[in-house]
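Participant: Return a 3D structure for these sequence lines:
(one chain, ligands or ions: 1)
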Amino acid sequence: MNYNRLFITVSLILLHAGALFAADPKDGKMLFQGRCASCHSVTKKITGPALMGVEDRHSEAWIISFVKGSQAMVKAGDKAALEVFNQNNQVVMPDHPDLNDDQIRDILAFVKEEAANAPKEDNAPFSRPGEKQPNLMPMTIYNFPFMIAYVMLIIIMILLLVFLVNIKSYERHIHKED
Ligand code: HEC
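Facilitator: Numbering: from 1, shown residues only. Take a look at the predicted model:
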């Protein structure tokens, strides 16, 4: 057998195997939207905490175990699980025993990807990250603040015009007298 060909075949198989075993954020997105998004956002706290940076707060093994059965960990006295549970007003996160480790890794890959794409929060105390998108309204009559400003500007211009015309006629009046 031609060794070059063997090499290429083996590399291709390894490449595909690698793709098969690597965590896949696309699958993770589907799982996240179907199973987690009702309580979790990547960047905001909803019922559950924002999952951004969760891989820095806990080990992967801890997260996998927590997602499968958080209350079991709380009851077993796991310190970190108790802390998260108490910080979230002891709202119980439902168990997901049917998710396997790879599926949870996919979800984590998706969370990581989303977190990397999220706009960086600056430290301005009054900033609300959720409302940072510029509020671009089209200029239609439905844009009331714009319409009110526009109409007021026209009224001011008309008043100014009337005022200037009156000054002119007043001046003319004076000149006629002398
Ligand atoms: C019904 C609401 C709900 C759903 C659905 C849910 N969670 Fe949670 N999750 C929570 C709550 C509430 C907490 C806070 C901890 C607690 O109460 O035990 C939490 C905590 C967590 C934590 C710990 C976060 C931290 O900052 O320490 C992780 C990780 C997590 N959830 C992942 C998931 C994943 C992944 C899914 C989807 C497979 C999911 N959750 C689905 C409500 C939910």
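Participant: buried residues in the host helix or strand of residue 83?
Facilitator: Per DSSP states H and E, residue 83 falls inside helix 79-87. By neighbour count with 16 or more other CB atoms under 10 Å, helix 79-87 contains the buried residues 81, 84-85. For every residue, glycine as well, the C-beta is placed using N, CA and C.
Participant: overlap between those residues and the residues near the ligand?
Facilitator: Restricting the buried residues of helix 79-87 to those near the ligand by CB under 6 Å from any ligand atom leaves 84-85.
Participant: Please render the buried residues of helix 79-87 as CSV that adds pLDDT and distance to residue 95 to the earlier fields.
Facilitator: Converted to CSV, the buried residues of helix 79-87 look like this (pLDDT from 0 to 100; distance: CB to CB, whole Å):
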residue, pLDDT, distance to residue 95
81, 97, 13
84, 96, 15
85, 96, 13
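Participant: Which single one of the buried residues of helix 79-87 is nearest to residue 151?
Facilitator: Among the buried residues of helix 79-87, residue 84 lies closest to residue 151 (CB to CB), at 54.3 Å.
Participant: Not counting sequence-adjacent ones, nearest residue to that closest one?
Facilitator: Once flanking residues are discounted, residue 84 sits nearest to residue 49: 7.0 Å by CB to CB, 6 or more residues apart in numbering.
Participant: Residue 91 is in contact with that neighbour, correct?
Facilitator: No: under the criterion of CB atoms under 8 Å, residue 49 makes no contact with residue 91, lying 10.4 Å away.
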